[in-house]
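>>> Whatever this is, show me its structure:
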Amino acid sequence: MNNDTIVVRTPAPEEMRQVSAVMRVALMMARIADDDWDTWGGGWVEGYVPIAAFDGDRCVGHAGTFQFDTLVPGGAWLPTAGLTRVGVLPTHHRRGILTRMLRQLLGNERASGRVLTSLRASEAPIYGRFGYGLAAEANGVVVVPSRVRPIRGGAPGTFRLLQAEELYAVLPGLHASCTHRVGAISLDAWMWKRILNETVSGSEAGHVVVHTSPDGVDDGYAFYGIKWIEGEFAEVGGTCELHHLHAASQEVELALWAYLSEIGLSRRIVCTSRPVDDPVRLVAADYRGYQVKERWDEQWLRLLDVPAALAARTYHDRAPVTIAITDPWFPENDGTYRISGDGAMRTTDAPELTAAIAAASAGYLGGTSWADLLTIGAVQGSPEAARRADDLFRQTPAPWCGSHF
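All right, here's what the predicted structure looks like:
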């Protein structure tokens, strides 16, 4: 079909209402009602970078990014474009519109200094062709309190439930001090507004419990909701929906889990995103009380600036490896890089592994094995070189974000 009529550009502020409607139709969501736009429309402005496709004066596709930082091995926080709200109307599928939007949007983000881009995919097969690789996984779990308690190994301390007026004063700083896992993202004020909207408005039975150490330092929190579930008289009780649980140490995490397991009338705890190596599963009184219901692709990552990304993270002190990386969208990333315990740099040495940008992005955080990438054909080279790459890149504990955007 002829694409001469399609223009990809940044939408004007007065066009964002139309852009929002197009995205929601493309993703099978109800449109935001006119009466609700004043409440929810701010999420299309604050911290948001949009791109849209127009056929004449009619919007037919949209993609956007939120701005935040991502924690990488070694402790550096890298500027990241969080890709979101991607969709094209079914009337305009298979015309290359999505590719045009993403190429322009990510090119702009790279030019503005974003080193990484990440996303949470609605469908797993889509984004590999745009250079994204699966960099971190998560588990959806159901925990049965009566089976896992008592939970051992928790740090000593006290708990308090935050009042609504305390949330914005306490949580941003506390969360920042508790995000120690690679793959975590920074949460700005606009993100906290989205996360806590229901709790602050009082329309949900939401709670935030804070753990305080014996010396008076807040060192962890859990954000959860409670829903009453009707059933047989002897089985009445509630479900605890765990949204966030972050702590400065694994011992504080366990203390928070012990608190959650003791909530009266709670028959189960459900959470859609927990680390694949969640420590609580090993110290529960009954291992089978921590039930993994699904393992899913939590974080898709793309390196926008390969030299900057490789130089920013640290590597284990192991034998070096040379990796050739190719990026059809940004040829400035193309090259062979020598990775060692001293860091990463371009080299003229022969590559021992060859990776397209999607595979290099998948292996970057240390949660996806280079040996596995070699096995599935995403990387070319020798098994011995892939093992050395794993020795250099591997990350423990496993990468995990735990925050949606």
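
>>> Name the spans of the chain whose pLDDT lies under the cut-off.
1-3, 35-43, 198-204, 230-236 (pLDDT under 70).

>>> Give me the buried stretch members for the lengthiest helix in it, please.
Longest helix in the chain by number of residues (criterion: DSSP state H): helix 97-111. Across helix 97-111, burial judged by 16 or more other CB atoms under 10 Å covers 97-98, 100-106, 109-110. C-beta here means a position set from N, CA and C on the backbone, and glycine is covered the same way.

>>> what's in contact with it?
Contact with helix 97-111 is made by 3, 6, 8, 49, 51-53, 60-65, 81, 83, 86, 88, 117, 130, 302, 304-305, 329-330, as judged by CB atoms under 8 Å, 6 or more residues apart in numbering.

>>> The nearest residue to Leu83 once chain neighbours are set aside: neighbouring residues, count only.
Once flanking residues are discounted, Leu83 sits nearest to Leu119: 4.1 Å by CB to CB, 6 or more residues apart in numbering. For Leu119, the tally of surrounding residues (other CB atoms under 10 Å) stands at 21.

>>> what's across from Leu119 in the sheet?
Applying DSSP bridges to Leu119 gives these bridge partners: Leu83, Trp300.

>>> Roughly how far does it sit from Glu165?
The gap separating Leu119 from Glu165 is 34 Å, by CB to CB, to the nearest Å.

>>> With Asp297 instead?
Asp297 is 38 Å from Glu165, where distance means CB to CB.

>>> neighbour count winner among these two?
Asp297 (14 against 8).

>>> How is the protein divided into domains?
Using automatic domain parsing, the domain parsing of the chain gives 6-119, 139-299, 305-393.

>>> With distance to His404 added, can I get these in JSON lines?
Below are these laid out as JSON lines (distance: least, CB to CB, whole Å):
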{"stretch": "domain 6-119", "distance to His404": "9"}
{"stretch": "domain 139-299", "distance to His404": "8"}
{"stretch": "domain 305-393", "distance to His404": "18"}
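
>>> of all the ones you listed, which lies closest to Gly402?
Gly402 lies closest, by CB to CB, to one member of the domains of the chain: domain 139-299, at 5.6 Å.

>>> Pull the residues that contact stretch 7-16.
With contact meaning CB under 8 Å, 6+ apart, stretch 7-16 is reached by 18-19, 41, 44-45, 50-54, 59, 62, 97, 100-101, 104.

>>> ok, the closest residue to Val379 other than its chain neighbours to Pro351 distance?
Closest residue to Val379 apart from its sequence neighbours, by CB to CB, 6+ apart: Leu373 at 4.2 Å. In this structure, Leu373 and Pro351 are 14 Å apart, going by CB to CB.

>>> and these two? which has more neighbours close in?
Ranked by neighbour count (other CB under 10 Å), Leu373 and Pro351 place Leu373 first, with 25 against 19.

>>> would you list every one of the helices in the stretch 51-200 of the chain?
Ranges of helices in the stretch 51-200 of the chain, per DSSP state H, counting those that start in this stretch, are 97-111, 145-148, 167-178, 189-201.

>>> nearest to Ile263, of those helices?
Using CB to CB, the nearest of these to Ile263 is helix 145-148, at 7.2 Å.

>>> can I have that closest one written out in CSV, keeping just the CAs?
The C-alpha coordinates for helix 145-148 follow below in CSV (Å, rounded to 0.1, in the frame of the first residue of the first chain):
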residue,chain,number,x,y,z
PRO,A,145,0.5,-17.7,54.4
SER,A,146,-0.6,-20.7,56.6
ARG,A,147,2.0,-22.9,54.8
VAL,A,148,5.0,-20.6,54.6
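
>>> Pull out the buried residues from that helix.
Buried positions in helix 145-148, judged by neighbour count with 16+ other CB under 10 Å: 145, 147-148.

>>> Also stretch 373-388?
Under the neighbour-count criterion of 16+ other CB under 10 Å, stretch 373-388 has 373-374, 378-381, 385-388 buried.

>>> Please identify which helix or strand holds Val8.
Assigned by DSSP states H and E, Val8 falls within strand 6-9.

>>> Could you do Ala362 as well?
Using DSSP H and E, Ala362 maps to helix 357-364.

>>> one step back: please identify the buried residues of the next helix-or-strand element following the strand holding Val8?
For strand 6-9, the following helix or strand on the C-terminal side (DSSP H and E) is helix 16-26. Residues of helix 16-26 classed as buried: 16-24, 26 (neighbour count, 16+ other CB under 10 Å).

>>> which ones are touching the residue nearest to Leu83?
Counting by CB under 8 Å, 6+ apart, Leu119 has contacts 82-84, 86, 127, 132, 300.
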